[in-house]
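Peer 1: A structural model of the following input is requested.
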Amino acid sequence: MATLLGEERRARLLEILARDGALRLDPVAEQLGVSAMTVRRDLDDLEAEGLARRVRGGAVAPVLPRPFGERMSTRSASKSLIARKALDLVPATGAVAFDASSTSGVLLGEITARDLVVASNSVQNAATARRRPGVRSILIGGELEERTDSFVGAVACRAAASLGYERFFASASALSSSGTSEVSLEEAQVKDVFAERSEQTILLLDASKLGRTSVAQGLDWARIDVLVTDLDPADERLDPYRDLTELR
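Peer 2: Numbering: from 1, shown residues only. Next comes the predicted model:
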């Protein structure tokens, strides 16, 4: 059984992974005042529990389905910055789609429109849109995915396809050189329909999701018109995507 010190150490490692999305072995060992070997054993234990994924030189947080409230409470400063950078991309009139991501929800909480239809497959995001001035909110229903609090499935896809959108505002579980990926095929399918029915797709993504993949292939780069992150567009972490889309 792990000692209290070991439990505290692993809890700290989980805090770092939740905050940053990844950690490097040697800096964290120095920060915690233990050997790299000790941290390596801790990370092995966390990986065995499904709480971390080991990579060369450290670990990354696993890409897992999480409920809306839990996602909304993480990396809040990054989401607020992304929302500010994307706010002028939301039109005042017409129709737009927002996915079930918490980052989209933060942006929705900032918009002001004149006559804008907002469609979302998230109860929380649809409720936020309903409270915004000049917005008509439409909830895209279907089968509730309880792990993510989003509506998915055939009914959701048909409902999403029943409108045409000027822009689709979406996040993703992960982003790599091949495009986005999601925690489930059902999540990816609804976003694919939204993107298909939209003139432009705006991807809202914090830096912790860059260079990663999840289980279901999402949107390829040909369908992503703008990438809005919490990084300066000149940041070298965005270099792999610089020639693929517009960066903000």
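Peer 1: who touches the helix or strand of the chain with the lowest mean pLDDT?
Peer 2: Across the helices and strands of the chain, mean confidence by mean pLDDT, DSSP states H and E is lowest for helix 68-72: a mean of 73. The set of residues external to helix 68-72 that reach it, using C-beta atoms under 8 Å, 6 or more residues apart in numbering, is 100-102, 105-106, 122, 124, 148-150. (C-beta placed from N, C-alpha, C; glycine too.)
Peer 1: so which bits of it are buried?
Peer 2: Within helix 68-72, the residues scored as buried using 16 or more other C-beta atoms under 10 Å are 68, 71-72.
Peer 1: go through the helix or strand that that helix is followed by and flag the buried ones.
Peer 2: Next helix or strand after helix 68-72 toward the C-terminus (DSSP states H and E): helix 76-86. Neighbour-count burial for helix 76-86 flags 78-83, 85-86 (criterion: 16+ other C-beta under 10 Å).
Peer 1: try stretch 85-104
Peer 2: Judged by neighbour count (16+ other C-beta under 10 Å), stretch 85-104 contains these buried residues: 85-86, 89-90, 95-104.
Peer 1: got it, and stretch 15-28?
Peer 2: 16-17, 21-23, 25, 28.
Peer 1: want to throw these into a markdown table with secondary structure?
Peer 2: Below are the buried residues of stretch 15-28 laid out as a markdown table (DSSP: H, G, I helix; E, B strand; the rest coil):
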| residue | secondary structure |
| --- | --- |
| 16 | helix |
| 17 | helix |
| 21 | coil |
| 22 | strand |
| 23 | strand |
| 25 | helix |
| 28 | helix |
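Peer 1: quick revisit: of the buried residues of helix 68-72, just say which sits nearest to residue 219.
Peer 2: Within the buried residues of helix 68-72, the smallest distance to residue 219 is 19.0 Å, found for residue 71 (C-beta to C-beta).
Peer 1: what domains does the record give for the protein?
Peer 2: Using automatic domain parsing, the domains assigned to the chain come out as 4-60, 68-247.
Peer 1: could you pull out the helices for this structure?
Peer 2: For the chain, applying DSSP state H gives helices covering 4-20, 25-32, 36-48, 68-72, 76-86, 102-108, 123-130, 153-160, 185-196.
Peer 1: of these, which approaches residue 166 most closely?
Peer 2: Each of these was scored for nearness to residue 166 using C-beta to C-beta, and the closest is helix 185-196 (12.0 Å).
Peer 1: go through that closest one and flag the buried ones.
Peer 2: 186-195.
Peer 1: neighbours of the nearest residue to residue 127 once chain neighbours are set aside, how many?
Peer 2: Spatial nearest neighbour of residue 127, chain neighbours left out: residue 137 (7.5 Å); criterion: C-beta to C-beta, 6 or more residues apart in numbering. Neighbour count of residue 137, defined by other C-beta atoms under 10 Å: 19.
Peer 1: tell me what residue 137 is bridged to.
Peer 2: Beta-bridge pairing of residue 137 under DSSP bridges involves residue 118.
Peer 1: touching, it and residue 122? I think so.
Peer 2: No - taking contacts as C-beta atoms under 8 Å, residue 137 lies outside contact range of residue 122: 10.7 Å.
Peer 1: save the buried residues of helix 76-86 as TSV, and put in pLDDT and distance to residue 144 too.
Peer 2: Output for the buried residues of helix 76-86, formatted as TSV (pLDDT from 0 to 100; distance: C-beta to C-beta, whole Å):
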residue	pLDDT	distance to residue 144
78	93	27
79	95	23
80	96	28
81	97	30
82	98	26
83	97	26
85	98	31
86	98	27
